[in-house]
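Engineer: Whatever this is, show me its structure:
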Amino acid sequence: MGVSRIVSRSLVAAAAVLATALVPLAPQAAATPPESPEDTATTRPEISMLDLRVTPGDRTKDSKAAILRCDPAGGTHPRATVACEQLAAVHGEFESLRAGKAKPMCPLVYRPVTVTATGTWKNSPVRYSQTYSNACEMRAYTGKVFAF
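Structural biologist: You can find the predicted model right below:
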């Protein structure tokens with residue numbers, strides 16, 4: 001009887017091991033669906049960081065530059081808060097800064113000024129460049145964005 005008892009216990013032990021292998025220890029939670037773009041947009045911070053440059057004529061060595069960060073406003077731009085507000089009003093579309101503005105009363109002096117902006121606005125890439133006839137025209141059309 002000793003041998004049959006050992007065989008019997010071995011079979012019970014084997015069945016227990018097999019049962020544990022087949023039945024998961026804890027029920028698996030339903031797989032979490034991947035984040036939808038809407039979820040990611042609400043959890044991922046919106047970054048608005050721009051490298052702004054003002055270059056008189058073709059003299060790149062005389063360029064002035066500033067970093068503009070928005071939400072919260074900051075960077076090296078001296079009027080960051082106002083510049084961010086002006087860009088927010090046009091949803092970061094630099095071309096729209098001059099929309100609806102009348103031709104400014106500026107002297108008829110041709111001293112071209114080129115402004116450039118590269119970086120991101122609300123996580124979207126930005127590459128903008130525009131040449132104005134002179135600094136007066138640039139200020140009239142771009143407000144405080146390039147005022148540094």
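Engineer: For residue 139, which residues are in contact?
Structural biologist: By CB atoms under 8 Å, 6 or more residues apart in numbering, the residues touching residue 139 are 146-147. Where C-beta positions appear, they are placed from N, C-alpha and C, glycine not excepted.
Engineer: element containing it, please.
Structural biologist: Element membership of residue 139, judged by DSSP states H and E, is helix 135-142.
Engineer: Tell me the gap between that helix and the middle of its chain.
Structural biologist: Relative to its parent chain, helix 135-142 has a centroid offset of 27 Å by CA atoms, centre = their mean, to the nearest Å.
Engineer: can you list the weak-confidence ranges in this structure?
Structural biologist: For the chain, the stretches with pLDDT under 70 are 1-43.
Engineer: So for it, the centremost residue is which one?
Structural biologist: residue 123 (2.0 Å; CA atoms, centre = their mean).
Engineer: any idea how far residue 89 is from that residue?
Structural biologist: Per CB to CB, to the nearest Å, residue 123 is found 19 Å from residue 89.
Engineer: where do the helices sit along this protein?
Structural biologist: 2-22, 37-43, 80-89, 135-142 (DSSP state H).
Engineer: Please list the outside residues in contact with stretch 98-114.
Structural biologist: 54-57, 90, 129-138, 140-142.
Engineer: change it to 10 Å
Structural biologist: 53-58, 60, 63, 90, 93, 129-143, 146 (CB atoms under 10 Å, 6 or more residues apart in numbering).
Engineer: Now, of the residues you listed, which are buried?
Structural biologist: If you count burial by 16 or more other CB atoms under 10 Å, the buried members of those come out as 53-56, 130, 132-143, 146.
Engineer: mind listing what residue 60 touches?
Structural biologist: 53, 114.
Engineer: ok, now residue 89?
Structural biologist: Per CB under 10 Å, 6+ apart, neighbours of residue 89: 96-97, 143.
Engineer: thought residue 129 was touching residue 54?
Structural biologist: No - applying CB atoms under 10 Å, one finds residue 129 not in contact with residue 54, separated by 11.3 Å.
Engineer: Common neighbours of these two, please.
Structural biologist: 114-116.
Engineer: Put the buried members of these into a ChimeraX selection.
Structural biologist: Of the shared contacts of residue 129 and residue 54, the buried ones go into a single ChimeraX selection, burial set by 16+ other CB under 10 Å:
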select :114,115,116
